[in-house]
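**Student:** fold the following.
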Amino acid sequence: MFEKNLTKKMQDIVLEGHIPAKEVSRVIKKPYSTLLRELNPFDAHAKLGAETMFEIVKATHNISILEFMARELGYTLRPLDGLQGARQGARPRRAREQEATM
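**Tutor:** Residues are numbered from 1 along each chain as shown. The predicted structure follows:
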């Protein structure tokens, strides 16, 4: 169910966003018909790839899908400039601890 929700949310971002869907397809260099098929949560034969999803986020500047994914996993997002020390290149303590356990 999560996968269909994710695809539906991406479909909404592209079809109901501030940038026309045809412009999004041009920016991400994917044929419009292919993009619409990949965004269809009911098409079992076409899947939206992670790279395409990332390109859509970059093209639309809409991070709501990332916020949705983070929330589903029990996390939250915040911009890098909101982190103390981010300007000096320091990573937050939590990120360093998490990397150490991987």
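**Student:** need the longest helix for the chain.
**Tutor:** helix 2-15 (DSSP state H).
**Student:** now for it, which elements pack on it?
**Tutor:** helix 21-27, helix 50-60, helix 64-72 (3 or more Cβ pairs under 8 Å, 6 or more residues apart in numbering; DSSP states H and E). In this view, the C-beta of every residue, glycine as well, is placed from N, C-alpha and C.
**Student:** so that helix versus helix 50-60, what angle?
**Tutor:** Relative orientation of helix 2-15 and helix 50-60, computed by axes from the mean of the first three to the mean of the last three Cα atoms, to 10 degrees: 30 degrees.
**Student:** check contacts around K29.
**Tutor:** The contact partners of K29, by Cβ atoms under 8 Å, 6 or more residues apart in numbering, come to none.
**Student:** tell me the spacing between it and L80.
**Tutor:** 27 Å (Cβ to Cβ, to the nearest Å).
**Student:** select, out of the helices and strands packed on helix 2-15, the one closest to E38.
**Tutor:** Among the helices and strands packed on helix 2-15, helix 50-60 comes nearest to E38, with 6.5 Å by Cβ to Cβ.
**Student:** from the chain's centroid, how far away is the closest one?
**Tutor:** How far helix 50-60 lies from its chain's middle: 6 Å, per Cα atoms, centre = their mean, to the nearest Å.
**Student:** stretch 52-69 now?
**Tutor:** Going by Cα atoms, centre = their mean, where stretch 52-69 is centred and where its chain is centred differ by 3 Å.
**Student:** isn't I19 up against V57?
**Tutor:** No - using Cβ atoms under 8 Å, I19 is not in contact with V57, being 11.9 Å away.
**Student:** of the helices and strands packed on helix 2-15, which is nearest D12?
**Tutor:** Of those, nearest to D12 by Cβ to Cβ is helix 64-72, at 8.8 Å.
**Student:** give me the helices and strands touching that closest one, please.
**Tutor:** Checking 3+ Cβ pairs under 8 Å, 6+ apart, helix 64-72 ends up next to helix 2-15, helix 50-60.
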